[in-house]
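Visitor: Would you be able to build a 3D model of this:
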Amino acid sequence: MRSIWNGAISFGLVSIPIKLVNATESHAISFRQIHTEDNGRIRYRKVCELEDREVSQAEIGKAYEDADGSIVPITDDDLAHLPIPTARTIDIVAFVPGDRIDPLQMGAAYYLAASGAPAAKPYTLLREALKRSNRVAIAKYALRGRERLGMLRVVGDAIAMHGLLWPDEVRAPEGVAPDTAVTIRDKELDLADALMDTLGEVDLEDLHDEYREALEEVIAAKASGEAPPEAPEPAAGGKVLDLMAALESSVRAARESRAAPDEEAEVRQLRRGRAVPKETGAKKSTKAAAKKTTAARKSTSKATEGAKKTAAAKSTAKKATAKKTASRKRSA
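Guide: Take a look at the predicted model:
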């Protein structure tokens, strides 16, 4: 991977030479602008408004336009000698728990590669220190003409840096949430919970850009002179007025889509916040037969025990009568 920035990580008195490389890449399909009458390319030309002529890239520089319209030229040399310590340094200013960082602040991601053999030891030291502390490093650095905020964390055996927005660049969510009073019933929450359980988890590696794949098919078809594939008919939808009915239908559809071919996916009354599927007819009949067999066994067992008890009682009574009769004869 080609580095886009060379510098060092400042970790107290430790300096770690590093190279900054992009950690992500875009697979989006890009388009060209054309003249629809003859497919000619539309190009933008850079023209100096004072001389009214096209200029090359080598003739183009930077400048700041003041409020009164005056132009203040800024050269690359001016930017290279900015009076800040982060011009060529990722300056670590603090270590904080990772959950302290609001995901809204996260921007571009980079890998920090150790630059040369001398950087291996301090690079590994910082990586292992971050691992053991379960914290991330907050740093300041300068890139593309401005000072930025960053977060360093461990990814595998590498150190990654996420560009962060400054806290005052994140807008407060004012006026976003509904301003009308809404009451959510427990049954609605139960159904929403059941729907989440039914949909389950997903391996992010299994997700892909279906829009890009469909676009590639259209481009391939048109390039070969074929008609592009037709879009499927959209599902007929209506305005949902009953939230409970919508949730129940969603749970039922999710269960049916995930059920095995020989299983019947149905939804019964929720019990303790979970949807309980109905048993199939085969299972019901098997359980009913088992219950009947168990009941018959219990009945037979009880009858046997009752007969044994009756016989024992009769035997005891006969013995007692015999004893009394013998006693009377002796007395006489």
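Visitor: Of all residues in this structure, which one is nearest the centre?
Guide: L204 (7.5 Å; CA atoms, centre = their mean).
Visitor: Dihedrals phi and psi, I34?
Guide: As for I34, its main-chain torsions (degrees, to the nearest 10) stand at phi -130, psi 160.
Visitor: That one contacts I42, correct?
Guide: Yes. With the criterion set as CB atoms under 8 Å, I34 and I42 qualify as a contacting pair; they are 6.1 Å apart. Bear in mind the C-beta positions are built from the backbone N, C-alpha and C, glycine included.
Visitor: Tell me where the model's unsure across the stretch 51-200 of the chain.
Guide: Low-confidence segments of the stretch 51-200 of the chain, defined by pLDDT under 70, span residues 82-87.
Visitor: hmm, back to that, for the residue nearest to the centre of the chain, which residues are in contact?
Guide: Listed by CB atoms under 8 Å, 6 or more residues apart in numbering, the contact set of L204 is empty.
Visitor: intersection of neighbour lists for I34 and I42?
Guide: Shared contacts of I34 and I42, counting by CB under 8 Å, 6+ apart, come down to nothing at all.
Visitor: Count the neighbours of R127 for me.
Guide: Neighbourhood size, R127 [other CB atoms under 10 Å]: 20.
Visitor: Check which residues of the host helix or strand of it are buried.
Guide: Using DSSP states H and E, R127 sits in helix 120-133. Using 16 or more other CB atoms under 10 Å as the burial criterion, the residues of helix 120-133 that qualify are 122-123, 126-127, 130.
Visitor: next helix or strand past it?
Guide: In the C-terminal direction, the helix or strand that comes right after helix 120-133 (DSSP H and E) is strand 135-143.
Visitor: Could you check the angle that following strand makes with helix 120-133?
Guide: With axes from the mean of the first three to the mean of the last three CA atoms, to 10 degrees applied, the angle from strand 135-143 to helix 120-133 works out at 130 degrees.
Visitor: so the helix or strand just after strand 135-143 versus strand 135-143, what angle?
Guide: Sequence order places strand 146-155 as the next helix or strand after strand 135-143, per DSSP H and E. Our comparison of strand 146-155 with strand 135-143, counting by the same axes, to 10 degrees, yields an angle of 150 degrees.
Visitor: Now do strand 146-155: distance to the chain's middle.
Guide: 22 Å (CA atoms, centre = their mean, to the nearest Å).
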